[in-house]
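Student: Quick one, fold the following:
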Amino acid sequence: MSEGPAAPVPMSPLPMSPVPSASVTPVFVRLKLSLLRNGLRRSSGRRAAYVASLVVVLLFAALQLLGLIALRGNAHAVNVTVLLTAVLGLGWAVMPLFFPGGDETLDATRLVMLPLRPRPLVRALLVASLVGIGPLFTLCLLVGSVVSTAHGAAAYATGVVAVALSLLLCVALARAVATANLRLLTSRKGRDLAVLSGLVIAVGAQLVNFGAQRLGSSSLSALDPVVDVLRWVPPASALGAVDSVSGGAYATAAAQLALTAGALAALLSSWRRSLTRLMTSPDGSTIQAAASGRDAGSRSSGLGGLLPAGRTGTVMERSLRYVWRDPKTKAAWATSLAIGLIVPVFNALQGTGSIYFACFAAGMLGIQMYNQFGQDTSAFWMVAMTISSTADAYAELRARALALLVVTLPYATLVTVLTTALLGDWAALPEALGLSFALLGAMLATGAWSSARFPYSIPQEGHKNVAPGQAGLAWISIFGGMVAAALLCAPVIALTVWLNVSPDGGSRTWLLLPVGTAYGALVTFAGLRLAAPRTARRLPEILAAVSKG
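Tutor: Below you'll find the model as predicted:
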């Protein structure tokens with residue numbers, strides 16, 4: 001009789017020792033270094049650009065460090081250091097919005113498939129963010145600020161804490177802003193922001209230049225009211241704590257450091273929540289965009305209802321939509337609008353302006369008439385199919401000019417009136433407006449002719465505004481047209497000079513407003529009439545030129 005199978009012998013479970021989880025922070029630091037190293041291996045040009053930027057940044061940081069150290073002992077040195085730290089924090093906050101592709105580790109959605117918890121991920125990304133030129137530059141300025149304001153061992157000890165808190169706060173601020181706006185930065189609007197970054201930097205540089213000139217005419221004590229507020233705003237409050245310790249106000253310094261530390265903790269918590277939401281929630285932006293597109297398509301356009309009927313209204317609406325939707329066109333318009341306002345207004349504020357600087361707005365906006373067909377790119381063939389005669393070409397050019405006038409006329413008038421108000425020279429307003437309108441008409445005329453004679457393509461990708469091999473056409477079109485426009489305005493300019501130098505002409509300068517307006521309208525009409533037949537004859541050449549991008 002066979003025995004049954006033996007019963008299994010129960011085995012006592014082995015004691016399970018907890019397996020320590022390895023920190024991901026060193027992995028992310030090595031990842032950041034690998035991304036940097038592999039990026040430099042792509043081309044020698046990229047390596048040369050990186051080395052050149054590194055040398056320039058380090059040289060500038062060294063000069064700033066020496067300047068801050070030389071400021072030591074000045075009674076108002078804290079004004080500079082606190083303001084500088086506040087500007088650094090602002091720069092770290094806004095730069096990710098305009099340069100989202102500058103750091104590939106900013107895109108946290110690439111880590112969605114990895115089994116990572118939010119808290120160690122935040123810590124690892126924060127430490128990895130300290131690797132780079134930007135943190136090194138910030139560290140140099142913060143160290144120089146501490147040396148400039150610290151007096152005594154306690155102040156230097158506070159300075160070490162202040163530098164660490166300020167640097168971490170700046171880096172965390174950049175990361176939090178980038179994570180919270182990642183959906184925007186990877187969308188079309190985000191690309192628009194990147195295109196507009198040059199404009200923001202130019203405007204910001206002009207504001208800084210204006211502030212420096214105003215400060216140069218006074219002493220550092222003029223910053224006292226601003227610094228009294230900023231020394232309680234992180235990260236500038238950390239540098240304010242160093243000055244407070246130097247003055248013996250230990251309780252105030254503790255409050256300022258606590259404020260900076262609290263802001264850092266709150267920022268890290270907000271960053272962690274944004275990161276969790278980003279990596280766990282589905283991306284419904286495409287569905288939402290499609291739904292909004294269907295809703296928009298089912299409604300009649302409000303803009304179209306305000307424009308003339310027929311071809312004129314259709315072309316005007318298309319041109320205005322280019323201004324609003326096309327990134328390159330939007331950037332060009334925004335730059336012209338900003339510079340056209342900044343140059344006359346800032347010169348008037350500085351006391352060095354002239355009423356004739358207001359014509360700068362008309363000149364900058366008139367440039368938008370040049371290369372009208374380049375913004376259509378290869379889609380110009382649809383426009384070409386609707387042009388079968390000189391009359392059709394004239395209607396097309398006239399509608400595009402009218403679309404520009406919808407914006408340029410009121411804006412040029414606004415800039416002229418604002419410049420006149422700042423200068424207090426209301427008697428010169430009519431002649432300034434007359435000159436602006438004449439210049440605008442001349443640029444519309446030469447722009448229409450140049451669009452037909454020297455068209456060139458505008459690449460849709462990248463930051464270049466001219467296709468390879470067409471730079472000469474762009475220079476001839478824009479600068480040649482500007483010179484021709486100035487020559488066309490010569491009669492109005494001569495009349496202005498004659499009325500201002502003649503003994504009894506000053507009382508008749510108001511005539512320049514109707515004369516300049518009529519002359520601008522006449523020149524525009526003549527320019528469109530001359531450009532229309534050339535446009536109708538050169539449709540294949542124009543299409544070939546604007547399709548190269």
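
Student: now the helices for the stretch 351-500 of the chain?
Tutor: 359-366, 380-384, 390-423, 429-453, 471-475, 481-488, 490-501 (DSSP state H, counting those that start in this stretch).

Student: how about Tyr322, what does it touch?
Tutor: Thr329, Gln375 (CB atoms under 8 Å, 6 or more residues apart in numbering). C-beta coordinates here come from the backbone N, C-alpha and C atoms, glycine included.

Student: again, only using 10 Å
Tutor: Lys328, Thr329, Lys330, Trp333, Gln372, Gln375, Asp376, Arg400, Ala403 (CB atoms under 10 Å, 6 or more residues apart in numbering).

Student: Helix or strand: which one has it?
Tutor: According to DSSP states H and E, Tyr322 maps onto helix 311-325.

Student: Tell me the helices and strands packed up against the strand or helix carrying Trp271.
Tutor: According to DSSP H and E, Trp271 maps onto helix 250-280. On a contact count with 3 or more CB pairs under 10 Å, 6 or more residues apart in numbering; DSSP states H and E, helix 250-280 meets helix 118-128, helix 153-180, helix 182-185, helix 236-246.

Student: who wins for proximity to Val227 among those helices?
Tutor: Checking the helices and strands packed on helix 250-280 against Val227 by CB to CB gives helix 236-246 as the closest, at 8.1 Å.

Student: Which strands and helices lie in contact with that closest one?
Tutor: The contact analysis (3+ CB pairs under 10 Å, 6+ apart) places helix 236-246 against helix 77-98, helix 133-149, helix 153-180, helix 224-230, helix 250-280.

Student: and of the ones you listed, who's closest to Ala490?
Tutor: From the helices and strands packed on helix 236-246, taking CB to CB, the stretch that ends up closest is helix 77-98, at 41.6 Å.

Student: tell me what that closest one is packed against?
Tutor: helix 44-70, helix 133-149, helix 153-180, helix 182-185, helix 188-195, helix 197-216, helix 224-230, helix 236-246.

Student: hmm, back to that, mind putting the helices and strands packed on helix 236-246 into JSON lines with mean pLDDT?
Tutor: What follows is those, written out as JSON lines (pLDDT from 0 to 100):
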{"stretch": "helix 77-98", "mean pLDDT": "83"}
{"stretch": "helix 133-149", "mean pLDDT": "91"}
{"stretch": "helix 153-180", "mean pLDDT": "90"}
{"stretch": "helix 224-230", "mean pLDDT": "81"}
{"stretch": "helix 250-280", "mean pLDDT": "88"}
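
Student: For those helices, give me CSV that also has mean neighbour count.
Tutor: Below are the helices and strands packed on helix 236-246 laid out as CSV (neighbours: other CB atoms under 10 Å):
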stretch, mean neighbour count
helix 77-98, 21
helix 133-149, 21
helix 153-180, 21
helix 224-230, 14
helix 250-280, 17
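
Student: so which of these gets nearest Asn465?
Tutor: Asn465 lies closest, by CB to CB, to one member of the helices and strands packed on helix 236-246: helix 77-98, at 17.7 Å.

Student: Helix 390-423 and the helix or strand hosting Leu512, what's the angle between them?
Tutor: In the assignment (DSSP H and E), Leu512 maps to helix 512-537. Interaxial angle, helix 512-537 versus helix 390-423 (axes from the mean of the first three to the mean of the last three CA atoms, to 10 degrees): 150 degrees.

Student: mind listing what's buried in helix 512-537?
Tutor: Within helix 512-537, the residues that count as buried by 16 or more other CB atoms under 10 Å are 512-513, 515-517, 519-520, 523-525, 527-528, 531-532, 534-536.

Student: Follow the chain on from it and name the next helix or strand.
Tutor: The helix or strand immediately downstream of helix 512-537 is helix 539-546, counting by DSSP H and E.

Student: List of residues touching that following helix?
Tutor: Among residues not part of helix 539-546, those counted as contacts by CB under 10 Å, 6+ apart are 371-381, 383-385, 387-388, 393, 451-458, 467, 470, 473, 534-535, 538.

Student: do that again at 6 Å, thanks
Tutor: Phe373, Gly374, Thr377, Phe380, Trp381, Ala384, Pro455, Tyr456, Ser457 (CB atoms under 6 Å, 6 or more residues apart in numbering).

Student: Of those, just the buried ones, PyMOL syntax please.
Tutor: Here is the PyMOL command that selects the buried residues among the contacts of helix 539-546 (16+ other CB under 10 Å):
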select buried, resi 373+374+377+380+384+455+456+457
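
Student: Just give me the closest of the contacts of helix 539-546 to Ala348.
Tutor: Gly374 (34.3 Å).

Student: if I pick that closest one, what's in contact with it?
Tutor: Residues counted as contacts of Gly374 (CB under 6 Å, 6+ apart) are Pro455, Tyr456, Ser457, Ile458, Val546.

Student: The contacts of helix 539-546 into TSV, with extra columns for distance to Ala484 and pLDDT?
Tutor: Below are the contacts of helix 539-546 laid out as TSV (distance: CB to CB, whole Å; pLDDT from 0 to 100):
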residue	distance to Ala484	pLDDT
Phe373	19	88
Gly374	19	83
Thr377	26	81
Phe380	24	87
Trp381	29	87
Ala384	26	88
Pro455	17	87
Tyr456	18	84
Ser457	23	85
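
Student: Run the chain-centre distance for stretch 59-68.
Tutor: Centre-to-centre, stretch 59-68 and its host chain are 26 Å apart (CA atoms, centre = their mean, to the nearest Å).

Student: For it, which residues meet the burial criterion?
Tutor: Ala61, Gln64, Leu65, Leu68.

Student: Not counting its neighbours along the chain, what's nearest the first one?
Tutor: Closest residue to Ala61 in three dimensions, ignoring its sequence neighbours and counting by CB to CB, 6 or more residues apart in numbering: Cys140, at 4.0 Å.

Student: Can I get whichever strand or helix holds Leu36 as CSV, trimmed to CA atoms?
Tutor: Applying DSSP H and E as the criterion places Leu36 in helix 25-40. Extracted in CSV, the C-alpha atoms of helix 25-40 (Å, rounded to 0.1, in the frame of the first residue of the first chain):
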residue,chain,number,x,y,z
THR,A,25,19.4,63.4,-6.3
PRO,A,26,22.9,62.3,-7.5
VAL,A,27,21.2,60.6,-10.5
PHE,A,28,19.5,63.9,-11.5
VAL,A,29,22.8,65.8,-11.1
ARG,A,30,24.6,63.4,-13.4
LEU,A,31,21.6,63.6,-15.8
LYS,A,32,22.0,67.4,-15.9
LEU,A,33,25.7,67.1,-16.5
SER,A,34,25.2,64.5,-19.2
LEU,A,35,22.6,66.6,-21.0
LEU,A,36,25.0,69.5,-20.9
ARG,A,37,27.9,67.4,-22.2
ASN,A,38,25.9,65.7,-24.9
GLY,A,39,24.5,69.1,-26.0
LEU,A,40,28.0,70.4,-26.5
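
Student: Okay, domains of this protein per the record?
Tutor: According to automatic domain parsing, the chain comprises the domains 25-278, 305-546.

Student: Among those domains, show the one with the smallest mean pLDDT.
Tutor: With a mean of 80, domain 25-278 has the lowest mean pLDDT of the domains of the chain.

Student: First-to-last residue distance for that one?
Tutor: End-to-end distance of domain 25-278: 20 Å, with CA to CA, to the nearest Å as the criterion.

Student: OK, contacts around Ser507?
Tutor: The neighbourhood of Ser507, defined by CB under 6 Å, 6+ apart, contains no residues.

Student: what's the spacing between it and Ala427?
Tutor: According to CB to CB, to the nearest Å, Ser507 stands 9 Å off from Ala427.

Student: Ser319 too?
Tutor: 37 Å.

Student: Compare these two and say which is more crowded by neighbours.
Tutor: Ser319 (21 against 13; other CB atoms under 10 Å).
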